[in-house]
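Enquirer: Here is my input, please return the structure:
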Amino acid sequence: MSCTFKIAKSTREEILQRIRNIVDLVELDREGNQANESSASSPSSSSVPVESGTSFLRRLSDEEVKTLKDFSGCSCTNDDWSTIYLLLPASTTNEATTPQNEPVYDFGHVLRPLVSNTHFDGFVVLDLTTPSKADSETISNANNEWSRIPPGLHSNACVSDSIIRIKSSRVYRNSLVSRTFVGSDAVLMNCGRIFSTNNENDDSCGKLNITVGAESGGGRSLLLTTESTMIGVCKQLTTKCDTSNDDIQPSISNFPFNVLSNGSVVCDTPKVHDVFLYPSSFIEAACSVHSATLLDRAKISSGSIVSNVIMQWDACISGNSTVSNTFLMEHAHLGPSSIVESIVLGPDSHASAGEIHASVIGPNTNAHHQSLVIGMLWPLGRGNVAYGANVGSNHTGRLPDQECSAGEGIFWGLGCVAKFPLDLSSASYSMVAAGTKLSPQRITMPFSLIVESSSEQKSNSNDIVPGWVLQHSPYTLARNEKKFATRRKAKNHAFYSGWKILRPSTIEGCKRAREILRQSVSLRDVPGIGQCQLTERGRTGGIKAYDNCIQLYALRGLLAWLEGEFAKHSGDNDVASYDGSAFSISEQTDASFSNKDPAVEWPSFPWESNGENSSVQQQHEWKYQQRLLLEEFPVTNSESIGDLSWIQRLLDHLLFLEKDFCQRIAKCKQRDDTRGAAVVPGYSDSHVMAENDPVVVDAKEQLKATETKINMIIAKIRK
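Expert: Presented below is the predicted three-dimensional model:
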């Protein structure tokens, strides 16, 4: 667990513990008051230290009661003011040692501008202490637009059993405020009822239990906390996770209290209960919010109905959305008009206008339009759900007990229909074309195009083109790689979520698919294509696409390694001393493939190799790339492993592949430009053409940089 996650956990526990301490003192005083009614008129008798002597609690003096009643227009149930308390800084007066018969310092002049026209019931603690240094730092970063409104407690129909820092918070015009803690610079305004269920056995704060996958007849249970990451979610998906460990169980029991931490805001919401708002989080103009934990800067707004949610940093629910039993990771957004039940939405993901149920959606995933997703297990995300996509045929007519597993980067096209059970977990970065209907099946060919068959003889099936994205739509991959690198805002998940598209696990999938295509004698019943049809053209095109991808990945590793090697001799004008000895690896490889589908199991997750030191990880990746080089470019009779002639041959091929890759990226965009200009008037005037497209420009710049590096290294080798 990273430092930020630990801070979030400790912050919650510290606030709850402080509330518990104050409430315990109030209960202790009330018990003493009942035992000795004569003490009620002596507020100094209940001066009890709080927080190791930095503050103390006492009941109101007669003068202070008179001020609230006569000047401020406040009232109290049964006119019993004995349970209204002041929490004061210890430095205010030496009151703690004042004899019982001595007068106390009157805070009436302090209360006058801070409290008015409010009815009190039960116990109420008016906190007049100043924020700690840590609180002040938090408040300085809070939204300050509310600072124009004077602080205090004003025009509330009823405030009961609550603790309010009235010197800086703003509590205005609420119908009922019950069992609520309001911190410094917090705002609670124009709300109906904000209350707690007052259930001591309720342990839901900061913890959420949901079921994903099958909606009925089983399902996969997930136990989540404010500190959960996609790593922990996947661990529970793939193994029976021990839910008693320290990372899941809060270290202290929760306390039945709403919490508005420093700088948080709740306004214009008719019903709010059982919420914990971290600093600078917001609930604005929602319809109803129940059992919600919002970390810093999380926000619920605009007519949304929300229940049983955990929202991490900067997560958002907006625009008349209905959300329940949901975990939103950092910078995850729902709305407008989302209908969501029992999901995990990964960092930097966005879903709007559609329905999602019983699903795990990984990072950097978008579903911007009206669509349906049910029972989707998509932990690596990074894909897209287009308008009208129906990925949710989970009902067999007997039970809604079916599910779908999807691989990284899957694109669900316009109006496609996916029938369950369906497994695309090993078909990463594949595209399901618009209007395609997928029957229950398992497809394991990565970077493929799955499209409705154009042949009348095959009207009930789909065609698959293995490796189509690699060969015919490399612009998609180049754009995605750039997007994933530049658009990630979830800093607290950055330690594991920034993996590259081309990495050992992805390449292994390509190798396996290529070997299946190579070994397939018949185009019927080819493992890995599910119920789809494969043509000979598609088979040979897939082999070529996978060849280029695997070799390009390995050769890029070679170039990076050579740069490092020659950097060691940066002061030398020649590298004649280089003899390839640093390229030390046996010719034996550990890869073996057969003409079979891979086992029905989850593919490896990218963070399983990202947990090590980055330099160690790079070394392991380079060792893998070395093995690829030996497999893809075996030495000839006149060569040996790592010698200069072999290296030069590989670099020449790298330059060829890089040029081809760059040309195909530009060709993708040019094809779209030509088609658009031929159909839509003024198309070229209102669109960015290929020559100026940032993805194409970046590809050309990278090609130029790679060519410069290769030429420089080859020039040194030839000396």
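
Enquirer: only C-alpha atoms for contact and neighbour calcs from this point on.
Expert: OK.

Enquirer: Look through this protein and tell me its longest helix.
Expert: helix 644-679 (DSSP state H).

Enquirer: Tabulate the CA atom coordinates of the very next helix or strand once past it in CSV.
Expert: Next helix or strand after helix 644-679 toward the C-terminus (DSSP states H and E): helix 683-686. C-alpha atoms of helix 683-686 as CSV (Å, rounded to 0.1, in the frame of the first residue of the first chain):
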residue,chain,number,x,y,z
TYR,A,683,-14.3,18.2,-44.7
SER,A,684,-10.7,19.1,-45.3
ASP,A,685,-11.2,22.7,-44.0
SER,A,686,-12.6,21.5,-40.7
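
Enquirer: Downstream of helix 683-686, the next helix or strand is which one?
Expert: Toward the C-terminus from helix 683-686 - assigned by DSSP H and E - lies helix 694-718.

Enquirer: before we move on, back to that, return the mean pLDDT over the longest helix of the chain, rounded to an integer.
Expert: Averaging pLDDT along helix 644-679 yields 94.

Enquirer: So for Tyr496, what's the nearest residue that isn't a sequence neighbour?
Expert: Counting by Cα to Cα, 6 or more residues apart in numbering, Trp607 is the residue found nearest to Tyr496 once chain neighbours are left out, at 5.6 Å.

Enquirer: go on, Glu284?
Expert: Nearest to Glu284 is Ser301, by Cα to Cα, 6+ apart, at 4.7 Å.

Enquirer: Need phi/psi at that neighbour.
Expert: phi -150, psi 170 (degrees, to the nearest 10).

Enquirer: I'd say it and Ser288 touch.
Expert: No - the pair Ser301 / Ser288 is not scored as a contact, 9.9 Å apart, by Cα atoms under 8 Å.

Enquirer: Looking at the two now, which is surrounded by more residues?
Expert: Ser301 (26 against 21; other Cα atoms under 10 Å).

Enquirer: quick one, what contacts that one?
Expert: 282-286, 317-320 (Cα atoms under 8 Å, 6 or more residues apart in numbering).

Enquirer: returning to that earlier point: now the longest helix of the chain, how far from the chain's geometric center?
Expert: 35 Å (Cα atoms, centre = their mean, to the nearest Å).

Enquirer: quick one, that helix and helix 694-718 angle?
Expert: 160 degrees (axes from the mean of the first three to the mean of the last three Cα atoms, to 10 degrees).

Enquirer: Can you tell me which helices and strands helix 644-679 packs against?
Expert: With contacts defined as 3 or more Cα pairs under 8 Å, 6 or more residues apart in numbering; DSSP states H and E, helix 644-679 has these neighbours: helix 468-472, helix 474-486, helix 536-567, helix 683-686, helix 694-718.

Enquirer: right, so the ones you listed: which one is the most enclosed?
Expert: Comparing those by mean neighbour count (mean count of other Cα atoms under 10 Å), helix 468-472 ranks first with a mean of 21.

Enquirer: sorry, back to before: quick one: which of the contacts of Ser301 sit in strands?
Expert: 282-284, 317 (DSSP state E).

Enquirer: which one of these is nearest Lys623?
Expert: Ile317 (45.1 Å; Cα to Cα).

Enquirer: any idea how far Ile305 is from that closest one?
Expert: 9 Å (Cα to Cα, to the nearest Å).

Enquirer: need the next SSE after the lowest-mean-pLDDT helix or strand in the chain, C-terminal direction.
Expert: The weakest-scoring helix or strand in the chain, judged by mean pLDDT, DSSP states H and E, is helix 133-140 (a mean of 54). Downstream of helix 133-140, the next assigned helix or strand under DSSP H and E is strand 152-154.

Enquirer: what lines up beside that following strand in the sheet?
Expert: strand 115-116 (parallel), strand 170-172 (parallel) (DSSP bridges).

Enquirer: What are the contacting residues of it?
Expert: 113-118, 166-173.

Enquirer: go again using 6 Å as the cut-off
Expert: 114-117, 166, 169-172 (Cα atoms under 6 Å, 6 or more residues apart in numbering).

Enquirer: And the strands in the stretch 1-150 of the chain?
Expert: 48-50, 55-59, 75-76, 84-89, 115-116, 119-127 (DSSP state E, counting those that start in this stretch).

Enquirer: Output the ones you listed as JSON lines; include the columns distance to Asn156, mean neighbour count and mean pLDDT.
Expert: Compiled in JSON lines, the strands of the stretch 1-150 of the chain are given as follows (distance: least, Cα to Cα, whole Å; neighbours: other Cα atoms under 10 Å; pLDDT from 0 to 100):
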{"stretch": "strand 48-50", "distance to Asn156": "27", "mean neighbour count": "18", "mean pLDDT": "61"}
{"stretch": "strand 55-59", "distance to Asn156": "21", "mean neighbour count": "25", "mean pLDDT": "87"}
{"stretch": "strand 75-76", "distance to Asn156": "11", "mean neighbour count": "20", "mean pLDDT": "97"}
{"stretch": "strand 84-89", "distance to Asn156": "16", "mean neighbour count": "22", "mean pLDDT": "92"}
{"stretch": "strand 115-116", "distance to Asn156": "8", "mean neighbour count": "22", "mean pLDDT": "97"}
{"stretch": "strand 119-127", "distance to Asn156": "7", "mean neighbour count": "22", "mean pLDDT": "96"}
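
Enquirer: Pull out the buried residues from stretch 489-496.
Expert: Residues 489-490, 492-493, 496 are the ones in stretch 489-496 that count as buried (16 or more other Cα atoms under 10 Å).

Enquirer: where does Glu27 land on pLDDT?
Expert: On the pLDDT scale, Glu27 gets 88.

Enquirer: what does the one 5 residues further on give?
Expert: The predicted local confidence for Gly32 comes out at a pLDDT of 70.

Enquirer: now the angle from the longest helix of the chain to helix 536-567?
Expert: Going by the same axes, to 10 degrees, helix 644-679 makes 130 degrees with helix 536-567.

Enquirer: Pull out the buried residues from helix 644-679.
Expert: Buried, per 16+ other Cα under 10 Å, within helix 644-679: 644-648, 650-651, 654-655, 657-659, 661-670, 673.

Enquirer: just stretch 62-78 next, same as before
Expert: Quick answer for stretch 62-78 (16+ other Cα under 10 Å): 64-65, 67-69, 71-76.

Enquirer: quick check, nearest of those residues to Cys267?
Expert: Nearest member of the buried residues of stretch 62-78 to Cys267, counting by Cα to Cα, is Cys74, at 22.3 Å.

Enquirer: Report the contact partners of the closest one.
Expert: So Cys74 contacts 68, 116-119 (Cα under 6 Å, 6+ apart).
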